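Engineer: Okay, sequence plus prediction incoming.
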Amino acid sequence: MNNSFLSACKGQNTGRIPVWFMRQAGRYLPEYQRVRRRHSFLELCKRPDLCAEVSLQPVEILHVDAAILFSDILIPMEAMGLALEFRKGAGPVFPEPVRDQRALARLRIPEPEADMPFVLETIRLLRQQLTVPLIGFAGAPFTLATYVIEGRSSRNFLLTKKMMYREPALYHEILKKITACTAKYLTAQARAGAQALQLFDTWAGALAPEDYAVFALPYVREVLAELRRHTDIPLIYFANHGATLLPTTSRLDADVLGIDWHVPLATAISLVNAAEKPLAVQGNLDPLALFLPARQLETRIRAMLDAARAAHGYIFNLGHGVVPETDPESVRLAVDIVHNYQRPVQ
């Protein structure tokens, strides 16, 4: 087993910098496209054999140091009782969003083994085949709430923020249910065999810091606290567009903090290191930097790795996911650059 990823999560420097990519199993890989052409996205998410196959693809093709479960952050919301559709050109859609007490009352807290067994079976299948650690994941409560309230992706989160400001009691009741679901779901993933868990707060950066502190942070803390009660595996928190939130998120009870590309890595590390409990960091190459010519890409990555020497622990990743138009050879090159980088063992 290649444990460099888990060692970095614990702040241990093994001399080899681990690398994996958000959305590493996905549309940029021809191997994934061949599977996807035969199945709808939701069908793919609910077939453990297919999920395991596409989760393994980047490990075998790119030689990354960790695999991440192939699924979608909205699967638990469907299990809560919401109809979920993926529409061409619109992405995920909830035809009956949650905007009042009546809709809230219909939401239930699912039992992962009974309501999402396909996710847990995928984890079990992957653990039988992988030679690198497996990362499980879920969406963070605020991010999930935006989809549930808006009914789809949004540019300005108008309906979510109106509810936050004008109907805070309703908003917080929705978040409480989503938080309970998320904590139970991630705990089940750990019990099934996930070796680390990442909480994706994709839309956290849409909040001003003072709003994040009231409308998102307490629920992130609750999920992390619940996981700490049930598992000792590494916990990763990633807030996309979260540079303004670093003074707060760097003090979470996580093991690793994901960093997006809107802040220099050295600046992020400095903020994280100033916390009472320094966290390992993960990130933060701009996903579109993978379109750079090879020499320029190497220069960019090596500068990041130099800066990362100051980190308590470091995992190379992008500042968000691989975009579908990316050449797989550029992703493979990035992996090779990281693996060939030499740093002193402390």
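Structural biologist: Sure thing, it's come through.

Engineer: what about the strands in the stretch 51-200 of the chain?
Structural biologist: Counting by DSSP state E, counting those that start in this stretch, the stretch 51-200 of the chain has strands at residues 67-68, 85-87, 91-93, 134-139, 196-201.

Engineer: what's residue 223 in contact with, if anything?
Structural biologist: 140, 141, 179, 182, 183, 186, 199 (CB atoms under 8 Å, 6 or more residues apart in numbering). Bear in mind the C-beta positions are built from the backbone N, C-alpha and C, glycine included.

Engineer: orientation of the helix or strand harbouring it relative to strand 196-201 in degrees?
Structural biologist: Taking DSSP states H and E as the criterion, residue 223 maps to helix 217-230. Angle between the axes of helix 217-230 and strand 196-201 is 170 degrees (criterion: axes from the mean of the first three to the mean of the last three CA atoms, to 10 degrees).

Engineer: buried residues in helix 217-230?
Structural biologist: Residues of helix 217-230 classed as buried: 217, 219, 220, 222, 223, 224, 226, 227 (neighbour count, 16 or more other CB atoms under 10 Å).

Engineer: and residue 329, what element?
Structural biologist: Assigned by DSSP H and E, residue 329 falls in helix 328-340.

Engineer: quick one: average pLDDT of that helix?
Structural biologist: On average, the pLDDT along helix 328-340 is 98.

Engineer: can you list the weak-confidence ranges in this protein?
Structural biologist: 344-346 (pLDDT under 70).

Engineer: give me that answer again for 80
Structural biologist: 13-14, 89-90, 342-346 (pLDDT under 80).

Engineer: Grab the longest helix from it for me.
Structural biologist: Longest helix in the chain, counting residues (DSSP state H): helix 168-192.

Engineer: Report the angle between that one and strand 196-201.
Structural biologist: 160 degrees.

Engineer: in helix 168-192, what's buried?
Structural biologist: 170-190, 192.

Engineer: Run a quick check on residue 262 versus residue 245, I expect a contact.
Structural biologist: No: using CB atoms under 8 Å, residue 262 is not in contact with residue 245, being 11.0 Å away.

Engineer: Of the two, which one has the most company?
Structural biologist: Shown here are residue 262 and residue 245; by other CB atoms under 10 Å, residue 245 has more neighbours (20 against 16).

Engineer: got the contact list for the more buried one?
Structural biologist: Residues in contact with residue 245, defined by CB under 8 Å, 6+ apart, are 204, 205, 207, 209, 212, 239.
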